[in-house]
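[1] Need coordinates for the below:
(one chain, ligands or ions: 1)
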Amino acid sequence: MDGMAFAYLENRRRIFEHFSLEARPGEFVAILGPSGCGKSTLLNLLSGFLRPQAGHITIDGVPVVPEHPTLGYVFQSPNLFPWLNVLENVRFGLRMNRLGSPQEQRAVALHFLRLVGLEQQAEELPHRLSGGQRQRVALARSLALEPRLLLMDEPFAALDAMTRAALNDELLRIWSGLGQTVLFITHDIDEAIYLADRVLVLGLPPTGITAEVAIDLPRPRDQRGARANPLFVQLRERLSEEIAKVMTSNRRIT
Ligand SMILES: Nc1ncnc2c1ncn2[C@@H]1O[C@H](COP(=O)(O)OP(=O)(O)OP(=O)(O)O)[C@@H](O)[C@H]1O
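    Below you'll find the predicted structure:
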């Protein structure tokens, strides 16, 4: 997106002005920002549910529209259909988009369930799964449509620390195999550093991006190795300072 401007017309709240953001194909970009900085608005713009008043938002040069097939979403809440089993939940998007025969759709769904380690649970209903497993199903469901851009809005925020770490590792393993572009929104500095190639800090509206930090930690990453790397500690320090600056400017405004 380039030179994008957006304001909520109801209350004339300007959220973005001259906002630009570009991701390289296959890049993992994390966005960090305090509550109210416009992260959800940005995702709604990126997915075409909100229209900017100026500027263009494109994926591979094509303007975005809602339900763009090249976009995948994973939200904090997995939003599975409780009456469909795990396999049918993953198959759902393929069915709606009439992609392949029912047998082919089941094979694709099973492939992605295998990728997230849940092929044994294919016949289970969602309520029999743990929170982490449900989030894995949501990830498999998004991946099954083979999106070019995966939008992830605090997908692991509701999970305990150990499950979250395990899902971060799984996400990296899957991403390194499939190579989608990922835009990952989080409040967690460590999670952003661990996952991303680049971390953007979003300031309070309508400031836009206040810092952009390249994460030059080697890949593949592992939790203990990455966190013990002195560079990780430096990056955490740097990003904490940037977030503190955003918060200070907030206090000046309020
Ligand atoms: N529908 C709306 N109409 C008017 N203002 C809105 C609307 N939705 C959000 N806002 C305002 O836009 C600003 C950004 O909101 P947004 O939800 O995008 O922030 P966020 O960074 O996702 O916050 P959080 O981390 O708390 O979810 C906030 O000041 C909010 O009050």
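[2] Near the ligand, which residues of this structure are found?
    Counting by C-beta under 6 Å from any ligand atom, the chain comes close to the ligand at 8, 10-11, 13, 15, 33, 35-41, 205. For glycine as for every other residue, the C-beta is placed from the backbone atoms N, C-alpha and C.
[3] Identify the residue nearest the residue in the stretch 151-254 of the chain positioned nearest to the ligand in space, chain neighbours excluded?
    Closest contact between the stretch 151-254 of the chain and the ligand, by C-beta to the nearest ligand atom, is at residue 205 (5.6 Å). Of all residues not flanking residue 205 in the chain, residue 15 sits nearest, at 4.5 Å (C-beta to C-beta, 6 or more residues apart in numbering).
[4] Give me the pLDDT for the one you found.
    If you check residue 15, the pLDDT there is 95.
[5] Tally up the residues packed near residue 96, please.
    10 (other C-beta atoms under 10 Å).
[6] just residue 146 next, same as before
    With other C-beta under 10 Å as criterion, residue 146 counts 15.
[7] just the one 10 residues further on next, same as before
    When counting by other C-beta under 10 Å, one arrives at 25 neighbours for residue 156.
[8] Count the neighbours of residue 194 for me.
    Applying other C-beta under 10 Å, I find that residue 194 has 22 neighbouring residues.
[9] whoops, I mixed them up, residue 47
    Residue crowding around residue 47 was assessed by other C-beta under 10 Å; the count is 20.
[10] how close does it get to residue 162?
    31 Å (C-beta to C-beta, to the nearest Å).
[11] what do you get for residue 22?
    35 Å.
[12] cool, residue 75 as well?
    From residue 75 to residue 162 the distance is 21 Å (C-beta to C-beta).
[13] Can you pick out the residue with more neighbours from these two?
    residue 75 (18 against 9).
[14] Dig out what the nearest residue to the more buried one once chain neighbours are set aside forms beta bridges with.
    The shortest distance from residue 75 to any non-neighbouring residue, by C-beta to C-beta, 6+ apart, is to residue 153 (5.1 Å). With DSSP bridges applied, residue 153 shows beta-bridge pairing to residue 185.
[15] Quick check: pLDDT value at residue 153.
    On the pLDDT scale, residue 153 gets 92.
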